[in-house]
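Peer 1: Here you go, sequence then predicted model.
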Amino acid sequence: MGGGFDMESLVDATAGAIGSLASTTILYPLDTCKTKYQAELRTPHLRKYKNLSDVLWEAIRKRQVLSLFQGLGTKNLQSFISSFIYFYGYSFFRKMYIEKSGYKSIGTRANLLIAAVAGACTVAITQPLDTAASRMQTSEFGKSKGLWKSLCEDSWEEAFDGLGISILLTINPAIQYTAFDQLKQRLLDGQIGNPQSLSALNAFLLGAASKCAATCLTYPAIRCKVMIQAAESSDDEDDESEVKSRKTVLGALSAIWKKEGLLGFFKGLRAQILKTVLSSALLLMIKEKITKSTWVLFLAIKRFMFLSRSKLKSS
């Protein structure tokens, strides 16, 4: 494997991080609407948001359309760092497994395990940014605090709100990328030409299908995580102790069951699927298309640095 960065993993990580940055920015207003809709916990007849579109209309009515982008900088920072770490770890561990095992390809169970380990490493590092971004998105329109204020206002323990459930949710990208890799491998079997490249359309469709499956399987945990990380609402009808109890997994589950019943665990599922499927499909499509150019760029940089060192040694 050698010392330093593994070039193939570095290229994969860079392409994935750039793809994540682009998809996060493009779909951010939808993400804000989805997160605010999921964070609301009220009985059906008292709901402020009956549908996802109600969040958008509230922003328009209050002349706070730009507030749909509140927290974008933090979300982009978190998205870029987490995607880079995830894709680097996933590619690195996958390559190491193949080299050590001697297999030509990787099985589904091993793929799931590697993806989960890479996801857990990512979550442990980026959780404070994820929590801050969620609180910015769920704050009242026009009243969101900046990243530094959001991080400093609470204790470090509160900055890691939802860490346990976030680690549990590493199964989501694990399912997604395992499904994507397996579908990609089957689609490209026997294909003439470059075996590593999918067309943009195929990458988009496979990314959408794999993310849809992962989201449906893990959605109750996703909603709990949003509630745990959400900013406290100024018009919350419950007392302070009840609001604080929702900051735990059991408290969030209990509150959903008490207020909304069984269907409450799936409130916002369609919005989640719409956002995450589009986001993941765009990410994987962009990643597939820029991996080649990123690889060429890194080789050029590596060659330039090698020539520069050679000239310095000879002078």
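Peer 2: That came through fine.
Peer 1: Give the residue spans of the stretch 51-200 of the chain that score low on pLDDT.
Peer 2: 150-157, 190-197 (pLDDT under 70).
Peer 1: all helices for the chain, in order.
Peer 2: 7-26, 28-39, 52-61, 72-101, 108-138, 147-153, 156-159, 163-168, 171-188, 200-229, 240-245, 249-260, 269-314 (DSSP state H).
Peer 1: Leu46: which of the ones you listed is closest?
Peer 2: Among the helices of the chain, helix 249-260 comes nearest to Leu46, with 9.3 Å by C-beta to C-beta. (Glycine included, C-beta is placed from N, CA and C.)
Peer 1: before we move on, the earlier item: as JSON lines, the helices of the chain with distance to Leu46 and mean neighbour count would be great.
Peer 2: JSON lines is the format used below for the helices of the chain (distance: least, C-beta to C-beta, whole Å; neighbours: other C-beta atoms under 10 Å):
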{"stretch": "helix 7-26", "distance to Leu46": "32", "mean neighbour count": "21"}
{"stretch": "helix 28-39", "distance to Leu46": "15", "mean neighbour count": "23"}
{"stretch": "helix 52-61", "distance to Leu46": "14", "mean neighbour count": "16"}
{"stretch": "helix 72-101", "distance to Leu46": "29", "mean neighbour count": "19"}
{"stretch": "helix 108-138", "distance to Leu46": "18", "mean neighbour count": "21"}
{"stretch": "helix 147-153", "distance to Leu46": "28", "mean neighbour count": "15"}
{"stretch": "helix 156-159", "distance to Leu46": "28", "mean neighbour count": "12"}
{"stretch": "helix 163-168", "distance to Leu46": "26", "mean neighbour count": "18"}
{"stretch": "helix 171-188", "distance to Leu46": "31", "mean neighbour count": "20"}
{"stretch": "helix 200-229", "distance to Leu46": "16", "mean neighbour count": "20"}
{"stretch": "helix 240-245", "distance to Leu46": "15", "mean neighbour count": "12"}
{"stretch": "helix 249-260", "distance to Leu46": "9", "mean neighbour count": "17"}
{"stretch": "helix 269-314", "distance to Leu46": "20", "mean neighbour count": "16"}
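Peer 1: right, and those helices - which one's nearest His45?
Peer 2: Nearest to His45, of all those, is helix 249-260, at 11.3 Å by C-beta to C-beta.
Peer 1: List the contacts of the closest one.
Peer 2: Residues from elsewhere that reach helix 249-260 (C-beta atoms under 8 Å, 6 or more residues apart in numbering): 41-44, 164-165, 220, 223-224, 227-228, 242, 244-246, 264-265, 267.
Peer 1: any idea how far that helix is from the chain center?
Peer 2: Here the centre of helix 249-260 is set off from its chain's centre by 24 Å, with C-alpha atoms, centre = their mean, to the nearest Å.
Peer 1: Low-confidence regions, the stretch 201-315 of the chain specifically.
Peer 2: In the stretch 201-315 of the chain (pLDDT under 70), the answer is 233-244, 292-299, 301-302, 304-315.
Peer 1: one more time with 80
Peer 2: 201, 203-204, 207, 231-247, 277, 280-281, 283-315 (pLDDT under 80).
Peer 1: How about the contacts made by Phe266?
Peer 2: Phe266 touches 219-220, 223, counting by C-beta under 8 Å, 6+ apart.
Peer 1: and which of those is nearest Lys62?
Peer 2: Arg223 (25.3 Å).
Peer 1: Which residue, other than its chain neighbours, is closest to that closest one?
Peer 2: Nearest residue to Arg223 in three dimensions, chain neighbours excluded: Gln38, at 5.4 Å (C-beta to C-beta, 6 or more residues apart in numbering).
Peer 1: show me the contacts for the one you found.
Peer 2: 222-223, 226-227, 267-268, 271-272.
Peer 1: Could you dump those residues into CSV and include distance to Thr14?
Peer 2: Formatted as CSV, those follow (distance: C-beta to C-beta, whole Å):
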residue, distance to Thr14
Ile222, 27
Arg223, 32
Val226, 29
Met227, 34
Lys267, 37
Gly268, 33
Ala271, 30
Gln272, 28
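Peer 1: farthest-separated two in the residues you listed?
Peer 2: Met227 and Ala271 (14.7 Å).
Peer 1: Apart from its neighbours in sequence, what residue is nearest Ile290?
Peer 2: Ile290 sits nearest to Ala15 (C-beta to C-beta, 6+ apart), 5.0 Å away.
Peer 1: I'd guessed that neighbour sits against Leu284; true?
Peer 2: No. Taking contacts as C-beta atoms under 8 Å, Ala15 lies outside contact range of Leu284: 10.1 Å.
Peer 1: thinking again about what came up before, need the contact list for the residue nearest to Ile290.
Peer 2: 87, 286-287, 290-291, 294.
Peer 1: ok, now Gln64?
Peer 2: By C-beta under 8 Å, 6+ apart, the contact set of Gln64 is 141-142.
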